[in-house]
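[1] task: produce atomic coordinates for the following.
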Amino acid sequence: MDFTGKVALITGGGNGIGRAAALAFAEHGAKIAVVDRDAKAAEATAGIIRQKGGDALAVTADVAKSEDVRAYVKATVDRFGRIDCFFNNAGIEGRVAPTAEYDEAVFDAVIGVNVKGVFLGLRHVLPQMIQQKGGAVVNTASVAGLVATPGMPAYVASKHAVIGLTKTAAGEVARLGIRVNAVCPGPVDTRMIHSLEEQLSPGNASSISDRYQAAQPTGRYTTAEEIANMVLFLCSDLAANTTGGQFVVDGGRTATGGAVTNLVAR
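    Model prediction:
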């Protein structure tokens, strides 16, 4: 998977899966635009890449705001001239609560980032790829986009929507040399899963971690680097005729028929 001379744009690149993907793309030769609403986190990721001899740009943006999305696309093109790979990854988990008790403001915030943010990314990046006559997009969905997760109505709804956006966009641009796929992680060892563990068992999050890792057929959470590997594959020439798909990386949990209950993390 050689990305030498290519440009990868990554949202939510300041931490977790986004940072792992940024570092992996850079290690395989790509120039990187790191987007995050946390300016220090974005710059930290870009700094790591530069320290290793790569070329990286850090951009601060709220993916739910059209003007910010337009600005991060412009900043990337102004700096690097094009966008070959777009990892449309930024997302938030919201709160854990039954649908009958779920806070409306939290619901709106989750949908704003996880759905509108993904839509706006597609809306502003795809025209650049159409102009270039090529590109690859990977949207971050989740196994929560495939199965129910009681207690996370906003997150589940948002990730189902991401899969719908992925399929729609893929069909629209397939003849234009652009591929659009979704990656569907199960629980991943990042800040998000640990935040959910703490919500479920304040002060004793390790008990939730132990229980959920034991429930995985592989016996552990997926790593951010393992998700990054799938993202790189989907953006590479090895996946040249792969588009409109949802690719699960969850340690076998959904394959064995076990719906993820109470929490799932991107």
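[2] where along the stretch 51-200 of the chain do the helices fall?
    For the stretch 51-200 of the chain, the helices defined by DSSP state H, counting those that start in this stretch occupy 66-80, 104-111, 117-132, 153-173, 191-200.
[3] export those helices to JSON lines and tack on mean neighbour count and mean pLDDT?
    Placement of C-beta: from N, CA and C, glycine included. Formatted as JSON lines, these follow (neighbours: other C-beta atoms under 10 Å; pLDDT from 0 to 100):
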{"stretch": "helix 66-80", "mean neighbour count": "17", "mean pLDDT": "98"}
{"stretch": "helix 104-111", "mean neighbour count": "15", "mean pLDDT": "98"}
{"stretch": "helix 117-132", "mean neighbour count": "20", "mean pLDDT": "98"}
{"stretch": "helix 153-173", "mean neighbour count": "21", "mean pLDDT": "98"}
{"stretch": "helix 191-200", "mean neighbour count": "20", "mean pLDDT": "79"}
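[4] as JSON lines, those with distance to A20 would be great.
    Below are the helices of the stretch 51-200 of the chain laid out as JSON lines (distance: least, C-beta to C-beta, whole Å):
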{"stretch": "helix 66-80", "distance to A20": "19"}
{"stretch": "helix 104-111", "distance to A20": "22"}
{"stretch": "helix 117-132", "distance to A20": "19"}
{"stretch": "helix 153-173", "distance to A20": "19"}
{"stretch": "helix 191-200", "distance to A20": "12"}
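[5] give the contact list for the spatially closest residue to T11 that is not a sequence neighbour.
    Excluding its sequence neighbours, the residue lying closest to T11 (C-beta to C-beta, 6 or more residues apart in numbering) is A90, at 4.0 Å. Contact analysis of A90 by C-beta atoms under 8 Å, 6 or more residues apart in numbering lists 11-12, 18, 35-37, 63, 113, 117, 140.
[6] pLDDT wise, what is A90 at?
    A90 is assigned a pLDDT of 97 by the prediction.
[7] same question, N204
    With respect to pLDDT, N204 has a value of 80.
[8] residues near it, how many?
    Other residues within reach of N204, judged by other C-beta atoms under 10 Å, total 11.
[9] how about K52?
    Neighbours of K52 using other C-beta under 10 Å come to 11.
[10] from D36, how far out is the residue minimising distance to the centre of the chain?
    The chain has N89 as the residue nearest its centroid, 2.5 Å off, counting by C-alpha atoms, centre = their mean. According to C-beta to C-beta, to the nearest Å, N89 stands 10 Å off from D36.
[11] who touches both of the two?
    By C-beta under 8 Å, 6+ apart, the residues touching both N89 and D36 are 11-13, 18.
[12] keep only those of the residues you listed that are in helices.
    G18 (DSSP state H).
[13] among the shared contacts of N89 and D36, who's most crowded?
    G13 (34 neighbours).
[14] pLDDT at it, what is it?
    98.
[15] average pLDDT across the helix or strand containing L23?
    Secondary structure assignment for L23, by DSSP states H and E: helix 16-27. Helix 16-27 shows a mean pLDDT of 98.
[16] run the angle between that helix and helix 191-200 for me.
    170 degrees (axes from the mean of the first three to the mean of the last three C-alpha atoms, to 10 degrees).
[17] who does the helix or strand following helix 16-27 touch, helix- and strand-wise?
    Sequence-wise, the next helix or strand downstream of helix 16-27 (DSSP H and E) is strand 31-36. Applying 3 or more C-beta pairs under 8 Å, 6 or more residues apart in numbering; DSSP states H and E, we find strand 31-36 packed against strand 7-11, helix 16-27, helix 39-51, strand 56-60, helix 66-80.
[18] so which of these comes closest to D189?
    Among the helices and strands packed on strand 31-36, the nearest to D189 by C-beta to C-beta is helix 16-27 (9.1 Å).
[19] give me the contacts around that closest one.
    3, 8, 10-13, 32, 34, 36, 41, 45-46, 48-49, 52, 54, 56, 85, 87, 89-90, 140, 185, 188, 190-192, 223-225, 227-229, 231-232, 235, 266.
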